[in-house]
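# What shape does this take:
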Amino acid sequence: MSDAPKKMIMGSMAASGIVAALALADIAIGVPFRGSMMMDIMFLVSAGLVLFLCWDAWKDLR
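Numbers count the residues shown, from 1 in each chain. Got it, this is the predicted structure:
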């Protein structure tokens, strides 16, 4: 099997992890976005959904 799907899954997991970390940092210290709390919560929810979908796709590749 090609490594492309695995690399895409890992890249998506990394990107959603970065988004989640930045949203948590914004909630905790107000940096980097200085946006609304609602947007930070939505970023966290969407990052969690992407992580779940990546984990499920990773299981299917095994």
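
# Tell me the secondary structure at the spatially most central residue of the chain.
By C-alpha atoms, centre = their mean, the chain has its centre lying nearest to residue 16, at 1.6 Å. For residue 16, the secondary-structure state derived from DSSP: H, G, I helix; E, B strand; the rest coil is helix.

# Wait, it touches residue 54, no?
Yes. Using C-beta atoms under 8 Å as the test, residue 16 is close enough to residue 54 to be in contact (7.3 Å). Bear in mind the C-beta positions are built from the backbone N, C-alpha and C, glycine included.

# so what pLDDT did the residue nearest to the centre of the chain get?
pLDDT for residue 16: 98.

# swap in residue 42?
The model reports residue 42 with a pLDDT of 96.

# how near is it to residue 35?
10 Å (C-beta to C-beta, to the nearest Å).

# mind checking the end-to-end distance for stretch 27-35?
Using C-alpha to C-alpha, to the nearest Å, one end of stretch 27-35 lies 9 Å from the other.

# contacts for it?
With contact meaning C-beta atoms under 8 Å, 6 or more residues apart in numbering, stretch 27-35 is reached by 22-23, 25-26, 37, 39-40.

# Ok, stretch 41-53 next?
With C-beta under 8 Å, 6+ apart, stretch 41-53 has contacts from 12-13, 15-17, 19-20, 22-24.

# Equivalent analysis for stretch 10-26, please.
31-35, 40-41, 43-44, 46-48, 50-51, 54-55.

# May I see the PyMOL selection of the buried members of those?
Filtering the contacts of stretch 10-26 down to the buried ones (16 or more other C-beta atoms under 10 Å) takes a single PyMOL command:
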select buried, resi 40+43+44+47+50+51+54
